[in-house]
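Enquirer: Would you be able to build a 3D model of this:
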Amino acid sequence: MTKKLYVGNLSYTVTQATLEELFGSVGEVTSVNLITDRMTGQSRGFGFVEMADSTSAQQAIDQLNGRVLDGRAIKVAEARPRQPRGFHDEPRGGRRRRY
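Expert: Here you go, the predicted structure:
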(Lines give C-alpha, C1' and ligand atoms only; values in the text may rest on other atoms or scores of the structure.)
Protein backbone atom coordinates (compact mmCIF):
# COMPACT_ATOMS: atom_id res chain seq x y z
CA MET A 1 0.00 0.00 0.00
CA THR A 2 1.36 3.42 -0.94
CA LYS A 3 2.20 6.03 1.68
CA LYS A 4 2.19 9.79 1.04
CA LEU A 5 4.91 11.97 2.57
CA TYR A 6 5.02 15.74 3.03
CA VAL A 7 8.34 17.37 2.08
CA GLY A 8 8.80 20.95 3.27
CA ASN A 9 11.37 23.76 3.44
CA LEU A 10 12.47 23.08 -0.12
CA SER A 11 14.64 25.47 -2.09
CA TYR A 12 12.82 27.09 -5.01
CA THR A 13 15.35 25.49 -7.38
CA VAL A 14 14.40 21.91 -6.42
CA THR A 15 12.63 20.01 -9.21
CA GLN A 16 10.42 16.93 -9.23
CA ALA A 17 13.29 14.95 -10.77
CA THR A 18 15.55 15.97 -7.86
CA LEU A 19 12.99 14.76 -5.31
CA GLU A 20 12.39 11.53 -7.21
CA GLU A 21 16.13 10.81 -7.29
CA LEU A 22 16.60 11.63 -3.60
CA PHE A 23 13.67 9.53 -2.37
CA GLY A 24 14.43 6.81 -4.93
CA SER A 25 17.71 6.17 -3.13
CA VAL A 26 15.67 5.07 -0.09
CA GLY A 27 12.87 3.08 -1.76
CA GLU A 28 10.46 2.86 -4.68
CA VAL A 29 8.79 6.19 -5.49
CA THR A 30 5.27 6.00 -6.93
CA SER A 31 4.73 9.72 -7.59
CA VAL A 32 6.15 13.18 -6.89
CA ASN A 33 4.04 16.34 -6.73
CA LEU A 34 5.90 19.63 -6.28
CA ILE A 35 3.42 22.41 -5.42
CA THR A 36 3.77 25.53 -7.56
CA ASP A 37 2.19 28.98 -7.57
CA ARG A 38 -0.66 29.25 -10.08
CA MET A 39 0.31 32.71 -11.31
CA THR A 40 4.10 32.49 -11.53
CA GLY A 41 4.69 28.74 -11.83
CA GLN A 42 7.43 29.04 -9.18
CA SER A 43 7.75 26.38 -6.51
CA ARG A 44 6.00 27.16 -3.21
CA GLY A 45 8.70 25.36 -1.22
CA PHE A 46 6.90 22.11 -0.46
CA GLY A 47 5.59 19.01 -2.13
CA PHE A 48 4.44 15.43 -1.70
CA VAL A 49 6.19 12.15 -2.44
CA GLU A 50 4.29 8.89 -2.58
CA MET A 51 6.30 5.81 -1.62
CA ALA A 52 5.41 2.25 -2.68
CA ASP A 53 5.11 0.85 0.86
CA SER A 54 5.04 2.04 4.46
CA THR A 55 8.44 0.57 5.41
CA SER A 56 10.25 2.55 2.70
CA ALA A 57 8.22 5.63 3.68
CA GLN A 58 9.35 5.29 7.30
CA GLN A 59 12.96 4.81 6.16
CA ALA A 60 12.66 7.98 4.07
CA ILE A 61 11.40 9.92 7.09
CA ASP A 62 14.21 8.58 9.29
CA GLN A 63 16.99 9.13 6.74
CA LEU A 64 15.93 12.33 4.96
CA ASN A 65 14.25 14.49 7.63
CA GLY A 66 16.69 17.31 8.39
CA ARG A 67 18.99 16.47 5.48
CA VAL A 68 20.40 19.48 3.62
CA LEU A 69 19.22 19.78 0.01
CA ASP A 70 20.32 22.82 -2.02
CA GLY A 71 21.38 24.65 1.12
CA ARG A 72 18.20 24.03 3.16
CA ALA A 73 17.38 21.42 5.79
CA ILE A 74 14.28 19.69 4.44
CA LYS A 75 11.38 18.46 6.57
CA VAL A 76 9.97 15.02 5.78
CA ALA A 77 6.86 13.74 7.56
CA GLU A 78 3.81 11.62 6.91
CA ALA A 79 1.24 13.67 5.01
CA ARG A 80 -1.97 14.50 6.83
CA PRO A 81 -5.30 13.91 5.08
CA ARG A 82 -6.55 16.91 3.15
CA GLN A 83 -9.15 18.92 5.08
CA PRO A 84 -12.21 20.33 3.32
CA ARG A 85 -11.82 24.07 2.91
CA GLY A 86 -15.53 24.87 2.95
CA PHE A 87 -15.45 27.99 0.78
CA HIS A 88 -17.57 26.46 -1.97
CA ASP A 89 -20.45 25.68 0.36
CA GLU A 90 -20.55 28.85 2.46
CA PRO A 91 -21.54 32.31 1.24
CA ARG A 92 -18.79 34.87 1.84
CA GLY A 93 -20.76 38.07 1.95
CA GLY A 94 -21.67 40.37 -0.84
CA ARG A 95 -24.54 38.82 -2.74
CA ARG A 96 -27.17 36.94 -0.79
CA ARG A 97 -29.33 34.19 -2.14
CA ARG A 98 -33.01 34.92 -1.88
CA TYR A 99 -35.48 32.09 -2.00
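
Enquirer: Which parts of the chain are helices?
Expert: 16-24, 54-64 (DSSP state H).

Enquirer: What residues are bridge-paired with residue 43?
Expert: Beta-bridge partners recorded for residue 43 (DSSP bridges): residue 36.

Enquirer: rewinding a little: got the helices of the chain as JSON lines, with mean pLDDT columns?
Expert: Shown next, in JSON lines, are the helices of the chain (pLDDT from 0 to 100):
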{"stretch": "helix 16-24", "mean pLDDT": "96"}
{"stretch": "helix 54-64", "mean pLDDT": "96"}
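
Enquirer: out of those helices, nearest to residue 33?
Expert: Across the helices of the chain, residue 33 has its closest neighbour in helix 16-24 (7.7 Å, C-beta to C-beta). Any C-beta I mention is one placed from the backbone N, CA and C, and that applies to glycine too.

Enquirer: quick one: low-confidence parts of this protein?
Expert: By pLDDT under 70, the weakly predicted segments of the chain are 85-99.

Enquirer: Which parts of it are strands?
Expert: With DSSP state E, the ranges of strands along the chain come out as 3-8, 29-36, 43-51, 68-69, 72-73, 75-78.

Enquirer: Redo those strands as JSON lines? Include mean neighbour count.
Expert: Below are the strands of the chain laid out as JSON lines (neighbours: other C-beta atoms under 10 Å):
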{"stretch": "strand 3-8", "mean neighbour count": "19"}
{"stretch": "strand 29-36", "mean neighbour count": "16"}
{"stretch": "strand 43-51", "mean neighbour count": "19"}
{"stretch": "strand 68-69", "mean neighbour count": "13"}
{"stretch": "strand 72-73", "mean neighbour count": "13"}
{"stretch": "strand 75-78", "mean neighbour count": "15"}
